[in-house]
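[1] below are the sequence and a predicted model for it; my questions follow.
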Amino acid sequence: MKHDPQQSPYYSELGRLSFSPGWARPEPSMWSEPKPKFKPAVWRFADAKRALDASHNMVPAEQTERRNLILVNPLEGNTYASTRHLVAAYQCVMAGEMARSHRRSAAALRLVLQAKPGTYTVVNGARVEMAAGDVVLTPAWKWHGHVNDSDATSYWIDFLDIPFVQLTEAMFFEPYPDGGLEPITSEGSIPLRIPTDEALGPGRDAKEVEIGKDVMPTIGLHLLRQPAGGRVDVAKSTANNIYAAISGHPRFTVQGGFSASLSPGDVIAVPCWHQHSIEMPDDATIFRVSDEPILEKLGLMKTASN
Ligand SMILES: [Fe+2]
């Protein structure tokens with residue numbers, strides 16, 4: 001039988017003392033360049049909508065803020081995150097429903113897909129209307145709850161930095177004291193509500209706009225507009241991106257052989273260090289949500305030169 005020196009009493013004793021010998025590590029702790037574990041993945045609004053609509057009787061009335069479907073990256077062992085630091089979810093609030101207020105140390109925002117007048121979020125006492133194409137921001141530790149007083153279900157995509165906050169172990173969460181909706185004390189306005197068409201301005205020319213920068217220290221938000229025939233090439237970088245199609249049918253081709261055409265409301269995750277391109281068969285508006293601000297602040301935002 002082959003003798004394994006690491007089975008010797010010496011190594012057993014190190015293990016018992018919670019030491020790991022640097023000369024005999026089971027796997028390396030550094031490598032020459034990023035090797036992301038997360039996978040490129042796509043999620044379809046039509047699939048989510050069908051499943052959310054069918055959830056009518058499954059969600060207890062007092063848990064309507066949980067009527068959402070988390071976009072879990074198909075990485076083995078992962079049960080939550082969409083990319084390394086961010087998570088996205090399709091959420092609906094049915095007609096007449098209210099999602100109770102709460103606050104947490106994680107930041108969130110949502111891209112509204114469908115909502116009739118009467119749908120709004122209360123953010124720290126401000127009523128913020130929600131309409132299709134709006135981005136509504138709920139920065140960290142701001143009370144927020146959702147109301148749908150319209151006669152139709154409202155749908156949106158949530159984006160949160162919860163996986164990052166979990167990594168830091170600096171998570172705090174608090175439900176609103178009376179267990180209901182915080183009182184409305186003022187009318188909401190920009191920067192908490194950002195209609196994406198207003199942020200981009202008129203026209204159909206290629207354009208990229210950053211939004212929410214001053215109030216979202218951990219999540220980078222960019223709107224991309226491209227005319228039919230347009231193409232965007234994105235170099236390998238340390239940023240982890242989640243894209244959602246607002247309009248049009250952009251086709252994503254990701255290094256490694258993954259490709260997908262998005263319809264409005266569809267989402268694609270592109271983990272770090274994956275070169276990718278986006279081609280536009282028709283006029284398209286795309287929302288890009290990334291962890292760039294975290295990486296920038298820590299000096300870890302790097303883009304490959306080739
Ligand atoms: Fe929330």
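    Good, I have the coordinates. Here the structure is a predicted model, which is why all the values come from computation and not from measurement.
[2] quick check: P26 vs E13, distance?
    17 Å (Cβ to Cβ, to the nearest Å). All C-beta atoms are positioned from the backbone trio N, CA, C, and that covers glycine.
[3] quick one: contacts for Y155?
    Counting by Cβ atoms under 8 Å, 6 or more residues apart in numbering, Y155 makes contact with 45, 48-49, 52, 90-92, 112-115, 265.
[4] of these, which belong to strands?
    Counting by DSSP state E, the contacts of Y155 place 90-92, 112-114 in strands.
[5] what comes into contact with stretch 245-254?
    The contact list for stretch 245-254 (Cβ under 8 Å, 6+ apart) reads 40, 111, 133, 196, 223, 226, 243, 258-266, 268, 270, 274-287.
[6] for ChimeraX, write the select line for the buried members of these.
    Entered in ChimeraX, the line below selects the buried ones among these, by 16 or more other Cβ atoms under 10 Å:
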select :40,111,133,196,223,226,243,258,260,261,262,264,265,266,268,270,274,275,276,278,279,280,283,284,285,286,287
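[7] keep only those of the contacts of stretch 245-254 that are in helices.
    Judged by DSSP state H, helices contain the following of the contacts of stretch 245-254: T196.
[8] A228 belongs to a strand, doesn't it?
    No: according to DSSP: H, G, I helix; E, B strand; the rest coil, A228 belongs to no strand; its state is coil.
[9] residues near it, how many?
    Using other Cβ atoms under 10 Å, A228 is surrounded by 12 other residues.
[10] ok, it touching E279?
    No: using Cβ atoms under 8 Å, A228 is not in contact with E279, being 10.0 Å away.
[11] show me what contacts the nearest residue to K297 once chain neighbours are set aside?
    Spatial nearest neighbour of K297, chain neighbours left out: P217 (7.6 Å); criterion: Cβ to Cβ, 6 or more residues apart in numbering. P217 makes contact with 107, 140, 293, 297, according to Cβ under 8 Å, 6+ apart.
[12] where in this structure is pLDDT low?
    Filtered on pLDDT under 70, the chain yields the residue ranges 1-3, 5, 187-190, 306.
[13] helices along that one, start to end?
    9-16, 45-53, 162-168, 196-200, 292-297.
[14] roughly how far does R25 sit from Q6?
    For R25, the distance to Q6 equals 11 Å [Cβ to Cβ].
[15] follow-up on the earlier one: neighbour-wise, which of P26 and E13 wins?
    Each of P26 and E13 has its neighbours counted (other Cβ under 10 Å); E13 has more, 10 against 6.
[16] for the contacts of P217, which PyMOL command selects only the ones that are buried?
    Selection of buried members from the contacts of P217 for PyMOL, criterion 16+ other Cβ under 10 Å:
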select buried, resi 107+140+293
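[17] quick one: which of the contacts of P217 is nearest to Y120?
    Distance to Y120, by Cβ to Cβ, is smallest for A107 among these, at 19.4 Å.
[18] ok, that closest one to A140 distance?
    4 Å.
[19] R67 now?
    Noted for R67: a distance of 23 Å to A140, by Cβ to Cβ.
[20] quickly list what L111 is bridged to.
    V135, I157 (DSSP bridges).
[21] just confirm C272 contacts E33, I think it does.
    No: between C272 and E33 there is no contact under Cβ under 8 Å: 10.3 Å.
[22] of the two, which one has the most company?
    C272 (22 against 9).
[23] list the buried residues for stretch 288-302?
    288-295, 301.
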